[in-house]
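Colleague: fold the following for me, if possible:
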Amino acid sequence: MNTRIAALALIALPFASVAVADEDKGFGLAGILSASNKQDLPPIQLSAGMPLTDAPWELTSGTYYEFEIQGDGSQELALVGPEFFRAIWIDEIVVEGLEIRPLGLDSIEFDEAGEMEIGFVAIKPGRYYLKIPGSTGETQRLEITIK
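Modeller: Now for the predicted structure:
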């Protein structure tokens with residue numbers, strides 16, 4: 001009987017230490033997906049000849065982020081950033097109430113007006129970008145740093 005109790009205590013020990021560590025960081029039961037670890041980013045605007053955003057993004061590895069991409073339909077526009085998409089873990093992409101949980105992403109494209117929301121966890125520190133393919137202007141590119 002004592003052997004079984006000791007064995008159960010040893011099995012439960014790693015889970016207890018994880019729970020204590022999460023409480024120290026302020027995470028809830030969902031860990032890094034907890035609301036206390038979530039930040040909203042400014043939206044990206046896809047509009048012919050208009051800047052994507054007002055300022056570069058500075059992200060922290062391990063933090064959950066959400067942002068919207070808003071296309072006004074003025075032109076077929078895409079965003080590419082394969083290096084950035086490989087440096088994050090995408091939780092979900094929401095388009096008109098439909099939730100998509102991809103294994104990876106290379107680019108997105110708006111053929112007409114619409115919105116999408118992307119939720120992700122920043123993982124790999126470095127400097128990245130999202131840009132409109134074929135464009136050369138600075139306003140058509142979003143610089144992203146993950147610390």
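
Colleague: contacts only, for Ile144.
Modeller: Pro56, Trp57, Leu59, Gly81, Phe84, Arg127, Tyr128, Tyr129, Leu130 (C-beta atoms under 8 Å, 6 or more residues apart in numbering). For the C-beta atoms, the positions are set from N, CA and C on the backbone; glycine is no exception.

Colleague: return the subset of those lying in strands.
Modeller: Trp57, Leu59, Arg127, Tyr128, Tyr129, Leu130 (DSSP state E).

Colleague: now the most centrally placed residue in the chain: how far from Ser74?
Modeller: Central residue of the chain (C-alpha atoms, centre = their mean): Phe120, 2.1 Å from the mean position. Distance, Phe120 to Ser74, by C-beta to C-beta, to the nearest Å: 27 Å.

Colleague: again with Ile32
Modeller: Distance from Ile32 to Ser74, by C-beta to C-beta: 37 Å.

Colleague: before we move on, the earlier item: run through the bridge partners of the residue nearest to the centre of the chain.
Modeller: Counting by DSSP bridges, Phe120 is bridged to Tyr65, Ile90.

Colleague: these two touch, right, it and Gly62?
Modeller: No. Using C-beta atoms under 8 Å, Phe120 makes no contact with Gly62, being 11.6 Å away.

Colleague: which non-adjacent residue is nearest Ile54?
Modeller: For residue 54 the amino acid is Asp, not Ile. When the adjacent residues along the chain are set aside, Asp54 lies closest to Pro42, with 6.6 Å between them (C-beta to C-beta, 6 or more residues apart in numbering).
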